[in-house]
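Asks: Pasting a predicted model and its sequence here:
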Amino acid sequence: MTQPSSVPCVLGRQCGLLAVLGVSLWSCPIIFCWGLIYHLAPTLAGIMLPLSGVLIALVVRYHGRGASSVFVLLSLLSYGVLLLTSLMFGFAIKTPGHLLVVATLVVTGLVGAWALFRARMRHDGSKALLSLLVLDRSPLGRALQNRWFLVLPLGLIGGGLSSFGGVILLASLDCFNVN
């Protein structure tokens, strides 16, 4: 639904640092919910594989209001941090299941995260899509707060620390045994 005339307006509102703040704030509750679901009903923990990808994409899209590829990449990398945290601490899935099922759930989470950024555009709005793809080279899209070398490392560090905080919170509530 983005019109070509509203593209500069969309670019003026986007803020990569707010997206990083959103990732840093919301990674802890997502990991906490994932661990809590694993603690209460371990067979349902696999649903968080695709759901966490969609949730983190919603967080990045809502807080950052971004339309450029940096925001898509931030959501995919943040999903990777959530996935690695849950796999590392052992509450991603209950038992080693079929690799194809787990891979399908992970790919569904990646596709869901990517699709949320492209959902705003209709098929007949291809000019707006082309404008949004060119936005990475526009001065509005290249503001310092939206630069990849600032947004991506801060997002990874903030998401990682927040995810670790969620694991510590799970351990303090005796939902999870950290060995």
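Replies: Received it, and whenever you're ready, just let me know what you need.
Asks: Secondary structure element holding the nearest residue to Ser162 once chain neighbours are set aside?
Replies: Nearest in space to Ser162, with sequence neighbours left out and distances taken as CB to CB, 6 or more residues apart in numbering, is Ser27 at 3.8 Å. In this view, the C-beta of every residue, glycine as well, is placed from N, C-alpha and C. Secondary-structure assignment from DSSP states H and E places Ser27 in helix 16-40.
Asks: Remind me what that helix packs against, helices and strands.
Replies: Applying 3 or more CB pairs under 8 Å, 6 or more residues apart in numbering; DSSP states H and E, we find helix 16-40 packed against helix 48-64, helix 69-88, helix 148-172.
Asks: quick one: low-confidence parts of the protein?
Replies: 1-12, 67, 95-97, 118-145, 177-179 (pLDDT under 70).
Asks: Contacts only, for the residue nearest to Ser162.
Replies: Going by CB atoms under 8 Å, 6 or more residues apart in numbering, Ser27 touches Ile56, Ser78, Val81, Leu82, Gly158, Gly159, Gly160, Ser162, Ser163, Gly166.
Asks: Would you mind giving both backbone torsions of Ala113?
Replies: phi -70, psi -40 (degrees, to the nearest 10).
Asks: hmm, back to that, report the inter-axis angle for the helix holding Ser27 versus helix 69-88.
Replies: With axes from the mean of the first three to the mean of the last three CA atoms, to 10 degrees applied, the angle from helix 16-40 to helix 69-88 works out at 30 degrees.
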